[in-house]
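Enquirer: the sequence and its predicted three-dimensional model are supplied below.
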Amino acid sequence: MSDTITSDLVLFWHRRDLRLSDNQGLYAAFEHSQKVIGVFCLDPQLLNADDVAPARVSYMLGCLRELEASYQALGSRLLVLDGDPRSTLPTLALAIGASTVYWNRDVEPYARQRDRDVAAELRDRQIAIEAGWDQLMHIPGAIRTSTVDNKPYTVFTPFRKNWSRQPKNNPVPAPVQAIDLTPAELQIAEQVGAIAVPSDATLGIEWDAGFPIEPGEAAAKARLAEFEADAIFRYDVDRNLPCLSGTSGLSPALKFGAIGIREVWQATCRAAHTCRNNVAASDGVRTWQDELIWREFYQTVMYFFPELADGPYREMWRDFPWENDPRKFQAWREGRTGYPIVDAAMRQLNETGWMHNRCRMIVASFLTKDLCIDWRWGERYFMQRLVDGDLSANNGGWQWSASSGMDPKPLRIFNPTTQGKKFDPDAIYIRRWLPELRTLETKRIHGGGLTPIEAQSYGYLTPIVDHAVQQKRFKEIYKQHKEKYS
Ligand code: FAD
Ligand code: FO1
């Protein structure tokens, strides 16, 4: 802590950094003053968006409840404002006499505009602003192509190489104590609308958590510790098998900042050190580190190319003749395509709010290439369901699968039957999510389609399309469309 700590009333505005430890902005706020009060704004533009998922809001509220208790344990508090932060936050800051509002910046286009608007309102009221970076190991702009042209990267591999060379920050500690509002200040805060964290029911959220991680900082840390001790060493193999819990399950915590990225990175470095003489285990750790770098890549490109949020990166995909059959889309959403691996994955998503990464790639390829449906329909549906739904990662994943993004491979088509056989060889995952197939032999499950009579007897379906036919068709449509651009 610095020697110049004041007793100014300082607000720390939480958004997707719902924790006390390894929080760079919060640490800076406590360097300024011991009287730091947390604020969260229930933002109607985010909560009423048509792509919001009950699972995600429920997870977020769970994190906020824990954060509220953590602030109280410090001797301070978390205030919740219900309404547009452009008006509610400056009103509160002025009313209670805050000198400064701190926050951590975000890469999303909506966040950037919101933050500019809030900053302007605060400046009008002579309130200082301190906004820095926290959610990435390396801030957007730190990783650039070369000193000569100094551009942001659009391809992962060179980004990764450069990113890996940069020195890394350590986590910053959590504050240990704080000074609360006076009773008079609290009364004013309540008069301008400050409330406690609402229950799920108050916000009209009904979600019976199907996702295995509890919300909050403590659960995220416990999950990281568990993963670091064991599964990380087998990750490069196990991550492809959806029937295992071979991945960290940390995506909602990383989306909402229930855990800090420096703390996560440090865990990977410890794990790398532990297994330094074991080649296979080192591959596991390195592969997991790569996934964290994908996260940084997608957020960094979202920052520099915000147009990614609006549609395809590659020009030829902007007027691609998608067929967009609503009945096929409905069958995909409900897990009723007749392709067991696709249907199992969609049912996992619908029931738990989470889907295994291998399956995300399979269902995305199936929607775009087999059903010829615009990837943005799938992107939106994922956001409406996913507990970890994140604009940058989701958009990156969908553009990668649709072949419309920055990925250099021109066309990527997965065969859903081959994928099922390869990554769920014993059909354990398929049977878990498609109970109607529990008694069907594995080789029949992977056989590429049941006859209508067999399907009916199992209460399952015949495939809604024939992959071989659709693949050929899609390639033809693609070829013809591409010619327009050559
Ligand atoms: P782990 O395998 O343990 O990985 C660790 C962390 O790295 C993840 O928690 C996540 O933060 C990050 N990560 C892993 N893979 C990726 C990736 N490909 N891109 C970016 N970050 C990654 N991830 C999201 O967090 N939110 C999304 O909305 C999202 N949508 C996706 C949509 C599609 C079509 C695809 C193909 C992938 C998507 N992903 C998304 C990436 C990936 O599927 C999830 O991050 C992962 O399945 C989460 O499980 P985990 O935490 O166990 O991951
Ligand atoms: N952040 C907020 O500050 N207030 C909210 O009400 C809020 C709701 C929300 C719902 C779903 C979701 O995925 C994220 C949500 N967030 C919310 C976090 C959001 O990701 C950040 O505020 C971003 O900075 C917005 O671009």
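Expert: Nice, I can see it. Ligands and ions are numbered 1, 2, ... in the order given.
Enquirer: for whatever helix or strand residue 348 lives in, which helices and strands make contact with it?
Expert: Using DSSP states H and E, residue 348 maps to helix 340-352. Other elements packing on helix 340-352 under the criterion 3 or more Cβ pairs under 8 Å, 6 or more residues apart in numbering; DSSP states H and E are helix 326-334, helix 357-365, helix 375-385, helix 416-423, helix 428-433. To be clear about C-beta, it is placed using only N, CA and C from the backbone, and glycine gets the same treatment.
Enquirer: pLDDT of the longest one, averaged?
Expert: Confidence for helix 375-385, expressed as mean pLDDT, is 98.
Enquirer: check which helices and strands the following helix or strand past that helix sits against.
Expert: Later in the chain than helix 375-385, the nearest helix or strand by DSSP H and E is helix 391-402. Counting contacts by 3+ Cβ pairs under 8 Å, 6+ apart, helix 391-402 is packed against helix 279-304, helix 357-365, helix 375-385.
Enquirer: who touches the strand ranked longest in the chain?
Expert: Longest strand in the chain, counting residues (DSSP state E): strand 36-42. Applying Cβ atoms under 8 Å, 6 or more residues apart in numbering, the contact partners of strand 36-42 are 9-15, 18, 26, 29-30, 64, 67, 71, 76-85, 88-89, 92, 98, 101-102, 175, 178, 180-181, 197-198, 203.
Enquirer: which of those are buried, as a PyMOL select command?
Expert: Selection of buried members from these for PyMOL, criterion 16 or more other Cβ atoms under 10 Å:
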select buried, resi 9+10+11+12+13+14+15+18+26+29+30+64+67+71+76+77+78+79+80+81+82+84+85+88+89+92+98+101+102+175+178+181+197+198
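Enquirer: so what strands line up beside the longest strand of the chain?
Expert: With DSSP bridges as the test, strand 36-42 is paired with strand 10-14 (parallel), strand 78-82 (parallel).
Enquirer: quick one: that strand to chain centroid distance?
Expert: Relative to the chain's own centre, strand 36-42 is displaced by 22 Å; criterion: Cα atoms, centre = their mean, to the nearest Å.
Enquirer: list the helices and strands whichever helix or strand comes after that strand packs on?
Expert: Next helix or strand after strand 36-42 toward the C-terminus (DSSP H and E): helix 44-47. Contact analysis of helix 44-47 by 3+ Cβ pairs under 8 Å, 6+ apart lists no helix or strand as a packing neighbour.
Enquirer: for helix 44-47, buried residues please.
Expert: In terms of neighbour count (16+ other Cβ under 10 Å), helix 44-47 has its buried residues at residue 46.
Enquirer: stretch 57-70 too?
Expert: Across stretch 57-70, burial judged by 16+ other Cβ under 10 Å covers 57-68, 70.
Enquirer: how about it, does it reach ligand 1?
Expert: No - contact of stretch 57-70 with ligand 1 (Cβ under 6 Å from any ligand atom) is absent, the minimum separation being 12.1 Å.
Enquirer: anything in that stretch near ligand 2?
Expert: Yes - against ligand 2, stretch 57-70 shows contacts by Cβ under 6 Å from any ligand atom at 57, 60.
Enquirer: residue 286 and residue 272 touch, don't they?
Expert: Yes - with contact defined as Cβ atoms under 8 Å, residue 286 and residue 272 form a contacting pair (7.4 Å).
Enquirer: ok, these two, which is more surrounded?
Expert: Between residue 286 and residue 272, counting by other Cβ atoms under 10 Å, residue 272 is the more crowded of the two (17 against 14).
Enquirer: for the spatially most central residue of the chain, what are its contacts?
Expert: Against the mean C-alpha coordinate of the chain, by Cα atoms, centre = their mean, the closest residue is residue 390 at 3.5 Å. By Cβ under 8 Å, 6+ apart, residue 390 lies in contact with 251, 255.
Enquirer: how is the chain carved up into domains?
Expert: Domain ranges of the chain: 1-135, 217-304, 315-481, per automatic domain parsing.
Enquirer: tell me, how many residues neighbour the residue nearest to residue 260 when sequence neighbours are not counted?
Expert: Leaving aside its chain neighbours, residue 260 sits nearest to residue 22 (2.7 Å; criterion: Cβ to Cβ, 6 or more residues apart in numbering). Around residue 22 there are 26 other residues, counting by other Cβ under 10 Å.
Enquirer: need the pLDDT of residue 22.
Expert: On the pLDDT scale, residue 22 is placed at 98.
Enquirer: my read is that it contacts residue 257, right?
Expert: No - taking contacts as Cβ under 8 Å, residue 22 lies outside contact range of residue 257: 9.2 Å.
Enquirer: if we can go back for a sec, okay, the helices and strands packed on helix 340-352 in a markdown table with mean neighbour count next?
Expert: Formatted as a markdown table, the helices and strands packed on helix 340-352 follow (neighbours: other Cβ atoms under 10 Å):
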| stretch | mean neighbour count |
| --- | --- |
| helix 326-334 | 15 |
| helix 357-365 | 22 |
| helix 375-385 | 21 |
| helix 416-423 | 19 |
| helix 428-433 | 20 |
